[in-house]
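Chemist: everything below, folded, please.
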Amino acid sequence: MRRRAFLAAGAAAVGATFLPTPFAVAAAGRGKKGVMLMNRIGPSSSDLYISNIDGSNERKLLGTAGFDYHAGLAADGQSVVFTSERTGDGNSCLYRARIDGTGVQPLVSGPAMNDSAALSPDGTKLAFVSTRGDHKAHIWLLDLRTSKLRNLTGSPEVAGDPNGPDGHFRPSWSPDGAWIAFSSDRNTVWRGHNNGRGWEHTQELSIYVIRPDGTGFRQVATKEGYCLGSPKWSPDGRRIVFYEITTEGTWGAHRPEAIGVVESQIVSVDVTTGERVEHTSGPHLKVAPQFVNATEIGYLIKGGPDEGLAYTSGTLPSVKRSLRSPVWSPDGKSVIYEKVGFTTRPLDTTLYSWDSDWEYRFCDVFPVLSRQGRLAITEKQLGNSSIVTMRPDGSDQRVVFDTDGKGLDPALVAKGLAGAFRPTWSPDGEWIAFGLGGWFQQRAVNTAVVARVRSDGSTWEALTDGTANAGFPSYSADGNELVYRVWGEENKGLRILNLQTGATRVLTNEYDNLPDWSPDGTRILFTRKTSATNFDVCTIRPDGSDLRILTSSGANEGHAVWNCDGRILYNSGMYGFRAEAALYDNTFQPYGQIFSMNADGSDKRLLTDSQWEDSMPLYLPQDVLSL
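Modeler: This is a model prediction of the structure:
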């Protein structure tokens, strides 16, 4: 992209309204190539708290602010280990502090995702989850005396099917330090939610144990069609307790519309005999179990009116409070937990960058840059899903298409299930096309149209007749055509609309989505449902020939766009889940990371390695931001 190509910045402001809150994309630092905008679905804040076991005397655990979560206590109760993103939004590292919140020090850092730390009973070793190495979630062991690291689950004896999720989570030490229990989805298959028909995946976990030297690996609990997670040992080391939820329920457990509806139970097994005890029954999503003493098990009721701490025998008082990831002190007198915030990140919030050449920044959804150097986004996070344009530095912001008064259900718009989605610029910068209607699960009951608006916001028109759910358009290189998708049992696939004649031709008849026309006009990039449980990134010529499927991981790939250098940027779960799916909140596919690859599918590279759902990248070179 040449600098002079960006000097003609946008169209006139006739009929456009200005945003109340500026979004300024600052130029990247010296020596950087520029900024990569991206979207992240996940919490925007998290703080650790400690209270008495009855909920009284609640206070923040740490004196220094950070994005802190997933605490674990030492066996003597005098120190705590925890995960923190204080080195950068998205970069999870491990720390230790005294129980009074002082003396914070790093234990494990680096660009990999590190999480779920657990100290050995003698305090000399740290078991934790990390994506270092092959980018999958493994259980690692750190000798705190020698700093020696070992991958406990990367051996041939433990390795599962590499084409499946194959992750390992939530390590827990036996009281004598002889064993580490953990959950794993090794040797399971990728499954879509809604009994295999949905885009988002569910998770099937079993409980395993392994010795700290890597020997003795075996499965201690499993149940077909269920997910068993977050194991913890009894004080005498004879039993392991965990939560148990249907595999299908793991999706609803992190969706806001289902979190208070799905159920799980607290179960324990005898490590030697496998004898099973169900400690709870009935409603509530129950997670994070722990033996508080020899006879009582505490757990978290996640979501719903009874959210908070509860106990299997009822000998201890329940505490109704919005919290996550509780851990009880060894003496049973106090509890540490996190409080998570989901306020929207301000646009251009600095995120941790896994690429030394580029700075990563947060952006709303579907960012796209015109040939004339103007940025457009769907303003979804503010609850209106309107089309907004601006200069690349964030100045001269305009709402060029406001969804208010366009016949959409305001409740669905507020939830992000309806609105003006996926803007695309005409090559001359005069028009912005987009989809207008209901999206995601609403596509089954709501129609949508492909529409376009003058880039100055002065006038707009529908381009399809509204009889189907049509959307996600992309302009051809010459501006004469639009490719878009239609979705329905009888009418599905990609269509190409000739803007001069009004004629529409069928490009594909499969479940295809999110088309993106290449800048040179020779190929159309899109996502295809290639099986009942899988979606892949594909390209095809505009005449329907030369279909190429570029991904084959078995996990879902999608949200693909062309980058300015001719590579493809996309979202993938090919390295599996980053954590137990049922423990997430307000996410769709929490394991999704951003990748790039060549136009022929070669040279796939991981661009983010966070715990959260990352997608929708757009590179803004430094000269664009320095105008």
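Chemist: now do C227 against L620, distance only.
Modeler: Here the criterion is CB to CB, to the nearest Å. By it, C227 lies 40 Å from L620. In this view, the C-beta of every residue, glycine as well, is placed from N, C-alpha and C.
Chemist: let me fix that: D161
Modeler: Taking CB to CB, one finds D161 at 40 Å from L620.
Chemist: who's more crowded, the two?
Modeler: L620 (28 against 12; other CB atoms under 10 Å).
Chemist: the residue nearest to that one when sequence neighbours are not counted in helix, strand or coil?
Modeler: Nearest non-adjacent residue to L620, counting by CB to CB, 6 or more residues apart in numbering: V35, 4.8 Å away. The three-state assignment at V35 reads strand, by DSSP: H, G, I helix; E, B strand; the rest coil.
Chemist: give me the number of residues near V35?
Modeler: 27.
Chemist: equivalent analysis for R132, please.
Modeler: Neighbours of R132 under the rule other CB under 10 Å: 17.
Chemist: which stretches in the stretch 301-450 of the chain count as strands?
Modeler: 308-311, 319-320, 324-328, 334-341, 350-351, 358-362, 365-369, 375-379, 386-390, 398-401, 418-425, 431-438, 448-454 (DSSP state E, counting those that start in this stretch).
Chemist: go on, the stretch 101-250 of the chain?
Modeler: So, for the stretch 101-250 of the chain - with DSSP E, counting those that start in this stretch - the strands run 105-108, 114-119, 125-130, 138-143, 149-151, 168-173, 180-184, 191-192, 201-202, 206-210, 218-221, 226-233, 239-246.
Chemist: and the fifth one, what's buried?
Modeler: The reference is to strand 149-151. N151 (16 or more other CB atoms under 10 Å).
Chemist: strands paired with that strand, and their directions?
Modeler: strand 138-143 (antiparallel) (DSSP bridges).
Chemist: ok, the last one next?
Modeler: Partner strands for strand 239-246, per DSSP bridges, with pairing direction: strand 226-233 (antiparallel), strand 265-270 (antiparallel).
Chemist: of those, flag the one that's most buried.
Modeler: Greatest average neighbour count among these goes to strand 226-233 (a mean of 25), per mean count of other CB atoms under 10 Å.
Chemist: distance between that strand and the chain's centre?
Modeler: 22 Å (CA atoms, centre = their mean, to the nearest Å).
Chemist: go on, stretch 308-318?
Modeler: With CA atoms, centre = their mean, you get 32 Å for stretch 308-318.
Chemist: hang on, D143 packs against D122?
Modeler: No: D143 lies out of contact with D122 (CB atoms under 8 Å); the separation is 11.6 Å.
Chemist: re the thing from before, now the strands paired with strand 239-246 in JSON lines, with mean pLDDT and distance to S130?
Modeler: Below are these laid out as JSON lines (pLDDT from 0 to 100; distance: least, CB to CB, whole Å):
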{"stretch": "strand 226-233", "mean pLDDT": "98", "distance to S130": "18"}
{"stretch": "strand 265-270", "mean pLDDT": "98", "distance to S130": "27"}
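Chemist: which residues does S602 contact?
Modeler: Applying CB atoms under 8 Å, 6 or more residues apart in numbering, one finds that S602 lies in contact with no residue.
Chemist: identify the bridge partners of W233.
Modeler: I240.
Chemist: F362 now?
Modeler: Going by DSSP bridges, F362 forms beta bridges with M38.
Chemist: is it in contact with M36, as I believe?
Modeler: No: with contact defined as CB under 8 Å, F362 does not reach M36; the gap is 10.6 Å.
Chemist: those two: which has the busier surroundings?
Modeler: In terms of neighbours (other CB under 10 Å), M36 is the more surrounded of F362 and M36; the figures are 25 against 20.
Chemist: so that one touches P621, yeah?
Modeler: No: assessed by CB under 8 Å, M36 is found out of contact with P621, at 10.2 Å.
Chemist: helices along the stretch 501-627 of the chain, start to end?
Modeler: 622-625 (DSSP state H, counting those that start in this stretch).
Chemist: low-confidence ranges, it, go.
Modeler: 626-627 (pLDDT under 70).
Chemist: what about the strands in it?
Modeler: Taking DSSP E, counting those that start in this stretch, the strands of the stretch 501-627 of the chain run over residues 504-506, 512-517, 524-531, 534-540, 548-549, 557-562, 568-572, 593-597, 605-606, 613-621.
Chemist: looking at those, which is closest to L408?
Modeler: strand 512-517 (20.5 Å; CB to CB).
Chemist: what's near enough to touch the closest residue to H201 other than its chain neighbours?
Modeler: Excluding its sequence neighbours, the residue lying closest to H201 (CB to CB, 6+ apart) is W190, at 5.7 Å. Residues counted as contacts of W190 (CB under 8 Å, 6+ apart) are G164, P165, H201, T533, N534, G554, A555, N556.
Chemist: wait, the third one touches N556, no?
Modeler: Yes: between H201 and N556 there is a contact under CB under 8 Å: 6.7 Å.
Chemist: what is the burial count for the closest residue to G479 other than its chain neighbours?
Modeler: Distances taken as CB to CB, 6+ apart put P427 closest to G479, at 4.3 Å, once the chain neighbours are dropped. Counted with other CB under 10 Å, residues neighbouring P427 total 17.
Chemist: circling back to that earlier point, and the strands of the stretch 501-627 of the chain as CSV, adding distance to T222?
Modeler: Output for the strands of the stretch 501-627 of the chain, formatted as CSV (distance: least, CB to CB, whole Å):
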stretch, distance to T222
strand 504-506, 47
strand 512-517, 35
strand 524-531, 25
strand 534-540, 24
strand 548-549, 34
strand 557-562, 29
strand 568-572, 28
strand 593-597, 28
strand 605-606, 30
strand 613-621, 28
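Chemist: closest one to R132 among those?
Modeler: From those, taking CB to CB, the stretch that ends up closest is strand 605-606, at 12.2 Å.
Chemist: sheet partners, orientation included, of the closest one?
Modeler: By DSSP bridges, strand 605-606 pairs with strand 593-597 (antiparallel).
Chemist: okay, the partner strand in PDB with CA atoms only?
Modeler: What follows is strand 593-597, C-alpha atoms only, in PDB (Å, rounded to 0.1, in the frame of the first residue of the first chain):
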ATOM      1  CA  GLN A 593      -7.000 -18.000  17.700                       C
ATOM      2  CA  ILE A 594      -5.800 -15.900  14.700                       C
ATOM      3  CA  PHE A 595      -3.700 -17.500  12.000                       C
ATOM      4  CA  SER A 596      -2.300 -16.600   8.600                       C
ATOM      5  CA  MET A 597      -1.400 -18.700   5.600                       C
END
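Chemist: which residues of this structure score low on pLDDT?
Modeler: Counting by pLDDT under 70, the ranges of the chain that qualify are 1-25, 626-627.
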